[in-house]
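Trainee: With the sequence up front, the predicted model follows.
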Amino acid sequence: MVVVGKVVNELSGEIQLIDGGDWPCVHSGKRRTNGRACWTMSDNAHELSSGFCRLDGLGVVITGSSSGVGRAMAWELSRAGARVLVHCRRSVESAESLVESIRSSGGEAHLLVADLSDTGEADAMLEHSWQALGRVDAWVNNAGVDLLTGEESSWGFDEKLAALWE
C-alpha cells in the first residue's frame, strides 16, 4: 500500500501534507518544519521533482474522492503517474473539477457517481472500475458517513454506530 501523506490543513485551495517519515518527499516546494518534511500542493502543480516511486500505468480507485483526503489522494496518485477513478455520491461538480484538473495536467482520470450503500450500485462500480482502468492495482476505501457535523452531530453513540451499519 502506498501512503501519500496526511492532510493536515486545507486553506485557500492549498493542501498541506506532512511526510510521515517513511515516505520520501518528492514534491517541489518542499520545506522543513519542526524537523519533518512538509510540502504544499495546488491544483496546477502536476509535475514531480523526481522519478522516485513512479506509479506509471497503475490503476487506482479512490472512493469518496471528490473532496478532502480522498481528493488529495487522487491528485497525488495521478501526479505520480497512476490512472485514477474518482468516485463521489453527491458532489458531482467537485469530482468533475478534479477529473478535469488531472486530465488537463496530462493525467488519466475517470469519474463514477455511485451510492455505495446500495448493493447494486456498489457492484456496478466494481465492474465499471475494471472496464475504465483495464485493471485495478489498488483500491482506496475512503468514502464514509459524516456523523460529526450537521444534525447527526447531536446523535448519541449508539445511534451513530447504527447509522454506520446501514
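Mentor: Noted; the coordinates are in hand.

Trainee: and stretch 77-85, average pLDDT?
Mentor: Regarding stretch 77-85, the rounded mean pLDDT is 96.

Trainee: Spell out the residue ranges of the strands in the chain.
Mentor: Here the chain has its strands, by DSSP state E, at 6-11, 14-18, 31-33, 36-41, 59-62, 83-88, 109-113, 138-140.

Trainee: Output the longest helix belonging to this protein.
Mentor: Using DSSP state H, we find that the single longest helix of the chain is helix 119-133.

Trainee: so for that one, what's the average pLDDT?
Mentor: Averaged over helix 119-133, pLDDT sits at 94.

Trainee: and what of stretch 53-62?
Mentor: Averaging pLDDT along stretch 53-62 gives 93.

Trainee: give me the low-pLDDT residue ranges for the chain?
Mentor: Applying pLDDT under 70 to the chain flags the ranges 1-52, 166.

Trainee: Buried residues, stretch 85-105. List them.
Mentor: Neighbour-count burial for stretch 85-105 flags Leu85, Val86, His87, Cys88, Arg89, Ser91, Ala95, Leu98, Val99, Ser101, Ile102, Ser105 (criterion: 16 or more other Cβ atoms under 10 Å). Any C-beta I mention is one placed from the backbone N, CA and C, and that applies to glycine too.

Trainee: Thought Gly107 was touching Arg79, still the case?
Mentor: Yes - between Arg79 and Gly107 there is a contact under Cβ atoms under 8 Å: 7.4 Å.
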